[in-house]
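>>> Sequence first, predicted model second:
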Amino acid sequence: MLDNNPDEVISVSILRELTDLAIDAQKNAYVPYSGFSVGTALITQSGEKFRGCNVENAAYPLGACAESNAIAAMVCGASGDADHVPIIDHIVVVGPLDNLCAPCGGCRQKINEFADANTRVHLVNKSGKLLHSSPIQSLLPLAFGPHDLSLNKTKNYKAKKPQ
Ligand SMILES: [Zn+2]
């Protein structure tokens, strides 16, 4: 389901590039237990792109989702100063099925941590076809987020250096 024309919120070329990056990441998924490979690619508001794939573990609860790993890569690799939290502009999720693969509840919360009102989630099937596009708020209504803890996303979000 597309809640509006995705062409109005993301260029066709950026959507194609993120989809290709996500499909490429999906190929690296470590999924020996489920065989359910997922790839994700995101672009920040400053134009940097990061990818992630899911990584399972023999201790099942320790497995990590593709979205979560892409966000970790973003936090680790985003350029810029310590006073600006990277904000996700668009995130594409590619699943291994013909139907869409929606982010789990935990990943919706993790995306929301690095989102604003313009952050959009795009869900693509295994063939690269866009099946759903919506703001993160519609996937996580009434979200508990940084604003609830009065976090100012523009200042001092990184750990202070030891004195
Ligand atoms: Zn997840």
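Perfect, thanks for sending it.
>>> Could you give the number of residues near Tyr142?
Actually, residue 142 is Leu. It isn't Tyr. 5 (other Cβ atoms under 10 Å). All C-beta atoms are positioned from the backbone trio N, CA, C, and that covers glycine.
>>> Make sure I have this right: it is in a helix.
No: counting by DSSP: H, G, I helix; E, B strand; the rest coil, Leu142 falls outside a helix, being coil.
>>> Which other helices and strands does the longest helix seen in the chain contact?
Using DSSP state H, we find that the single longest helix of the chain is helix 12-26. Contact partners of helix 12-26 among helices and strands, from 3 or more Cβ pairs under 8 Å, 6 or more residues apart in numbering; DSSP states H and E: strand 39-44, strand 49-53, helix 66-77, strand 88-94, strand 120-124.
>>> buried sites along it?
Neighbour counts over helix 12-26 (16 or more other Cβ atoms under 10 Å) mark 15, 18-19, 21-23, 25-26 as buried.
>>> Format those residues as TSV; extra columns: distance to Phe50 and pLDDT.
Below are the buried residues of helix 12-26 laid out as TSV (distance: Cβ to Cβ, whole Å; pLDDT from 0 to 100):
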residue	distance to Phe50	pLDDT
Leu15	16	96
Leu18	10	98
Thr19	14	98
Leu21	9	98
Ala22	11	98
Ile23	15	98
Ala25	9	98
Gln26	14	98
